[in-house]
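Visitor: here is a sequence together with a model predicted from it:
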Amino acid sequence: MTVPPTMRPVATARPAAVLILFGEGPHGPDILLTERAATLTKHAGQPAFPGGRIDPEDDGPVGAALREAHEEAGVEPSGVQVLTTLPELYLSRSDHRVTPVAGWWRTPSEIAPGHPGEVATVARVPIDELVDPDNRLTVRYPGGLRMGPAFRVRGMLVWGFTAGVLTQVLRAGGWERPWDDDRVEDLPREILDLAARG
């Protein structure tokens with residue numbers, strides 16, 4: 001996967017990792033997403049891959065991604081086959097350099113929000129829903145200066161960093177279907193208010 005110039009990592013940024021977890025669910029192949037609690041001060045209410053900062057005891061991005069998926073969603077690390085790590089991406093809003101870790105959910109476990117104060121929702125989102133053109137759109141930030149891809153799935157508006165990574169992953173996997181990227185909507189006020197916290 002090619003790293004866009006705006007997402008090339010900054011050496012001084014804090015290291016983090018996320019888990020892009022593929023599985024075979026009741027509705028076909030899927031990807032695990034969480035929605036962060038609206039009470040958080042950072043990334044409040046935003047859909048995301050499970051993940052967070054890399055701690056010294058994590059043994060790198062893979063260990064951090066698996067630990068966070070267990071803490072946030074109840075994913076048992078022993079049931080995940082790690083496939084690869086993708087190139088680091090810079091998340092400027094929180095000054096993190098994020099390593100996406102791709103995994104196959106060989107032995108799925110029961111999932112549920114691990115920390116109600118941190119995670120509001122956990123969902124296995126079928127790839128068929130993600131690539132459905134009716135669920136794809138472009139969102140516009142205030143002033144219309146910045147736009148990015150988004151997905152409307154499972155009651156969530158997936159946008160920002162997560163939507164950008166999902167778009168690249170679906171394209172790289174050969175799953176992406178043609179969709180109308182001229183379908184542009186303003187980010188809802190409630191999402192902008194939560195994002196303004198940090």
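Guide: Okay, I see it.
Visitor: list the buried residues for the longest strand seen in the chain?
Guide: Determined from DSSP state E, the single longest strand within the chain is strand 14-25. Neighbour-count burial for strand 14-25, counted by 16 or more other C-beta atoms under 10 Å, picks out 15-23, 25. For glycine as for every other residue, the C-beta is placed from the backbone atoms N, C-alpha and C.
Visitor: please name every helix or strand in contact with that strand.
Guide: Strand 14-25 sits against strand 28-36, strand 51-53, helix 61-73, strand 96-105, strand 119-126, helix 160-172, with contacts defined as 3 or more C-beta pairs under 8 Å, 6 or more residues apart in numbering; DSSP states H and E.
Visitor: parallel or antiparallel, which strands does the helix or strand just after the last one pair with?
Guide: Heading C-terminal from helix 160-172, the first helix or strand you meet, by DSSP states H and E, is strand 184-186. Next to strand 184-186 in the sheet, as set by DSSP bridges, lie strand 136-140 (parallel).
Visitor: contacts for the strand it pairs with, please.
Guide: Here strand 136-140 makes contact (C-beta atoms under 8 Å, 6 or more residues apart in numbering) with 146-152, 157, 159, 179-187.
Visitor: what's the closest of the buried residues of strand 14-25 to residue 70?
Guide: The nearest member of the buried residues of strand 14-25 to residue 70, counting by C-beta to C-beta, is residue 19 at 9.6 Å.
Visitor: beta partners of that closest one?
Guide: Beta-bridge pairing for residue 19 (DSSP bridges): residue 101.
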